[in-house]
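Chemist: sequence plus predicted model, see below.
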Amino acid sequence: MYSLSQFKGKKGVLLYFYPKDDTPGCTKEACSFRDTFPHFTKKGVQVLGVSNDDLESHGKFRKKYDLNFPLLSDPDHKVSEAYGVYKLKNNYGRDYWGIERSSFIIDKEGKIKKIFRRVKVDGHTEEILSNL
């Protein structure tokens, strides 16, 4: 169990929401955060990934790609809804509910400093680092 209050007083948190473990875009995004993790650590920022996948799926995903930050499970999508990222989506004419790829930079007081909506994976990590 994690709570943002655990990180209060630290430099900050990058809370990123992604649709699904071990899918092409989500894997590319997670690996980008993995590879740049030392830059976040140097700035005192904790990276946390969130999806609706269960803990078992997260464990396999973390192990397969050697991810060096926590993945949080939101199976009832309460957190995703609270952040406004659980949306009605459309893929090939099929409507379904899921996470819209989004990131939030949260400051040491627990306040949202910057929001990135409808994230494109390429260049996103660099965009976040430049905003810390």
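Modeler: Good, I have the coordinates.

Chemist: so for the protein, the centremost residue is which one?
Modeler: With distances taken as C-alpha atoms, centre = their mean, Tyr16 lies nearest the centre of the chain, 1.9 Å away.

Chemist: ok, that one - contacts?
Modeler: Neighbour list for Tyr16: Glu29, Phe33, Val47, Leu48, Gly49, Val50, Arg101, Ser102, Ser103, Phe104, Val119 [criterion: C-beta atoms under 8 Å, 6 or more residues apart in numbering]. In short, each C-beta sits where N, CA and C put it, glycine included.

Chemist: wait, a helix at the second one?
Modeler: Just to be clear, that refers to Phe33. Yes. Using DSSP: H, G, I helix; E, B strand; the rest coil, the secondary structure at Phe33 is a helix.

Chemist: buried residues, the helix or strand of the chain with the lowest mean pLDDT. List them.
Modeler: Taking mean pLDDT, DSSP states H and E as the measure, the chain has strand 86-91 as its least confident helix or strand, at a mean of 90. For strand 86-91, the neighbour count (16 or more other C-beta atoms under 10 Å) marks Tyr86, Lys87 as buried.

Chemist: what's that strand in contact with?
Modeler: Identification of contacts with strand 86-91 by C-beta under 8 Å, 6+ apart yields His77, Ser80, Asp95, Tyr96, Trp97, Gly98, Ile99, Glu100.

Chemist: try it again at 10 Å.
Modeler: Under the criterion C-beta atoms under 10 Å, 6 or more residues apart in numbering, residues 17, 19, 52, 74, 77-81, 95-100, 102, 117-118 lie in contact with strand 86-91.

Chemist: just checking, the residue nearest to the centre of the chain is part of a strand?
Modeler: Yes. With three-state DSSP as the criterion, Tyr16 is part of a strand.

Chemist: which residue ranges of the protein form strands?
Modeler: 12-17, 45-51, 71-73, 86-91, 94-99, 102-107, 112-116 (DSSP state E).

Chemist: brilliant, that's me finished.
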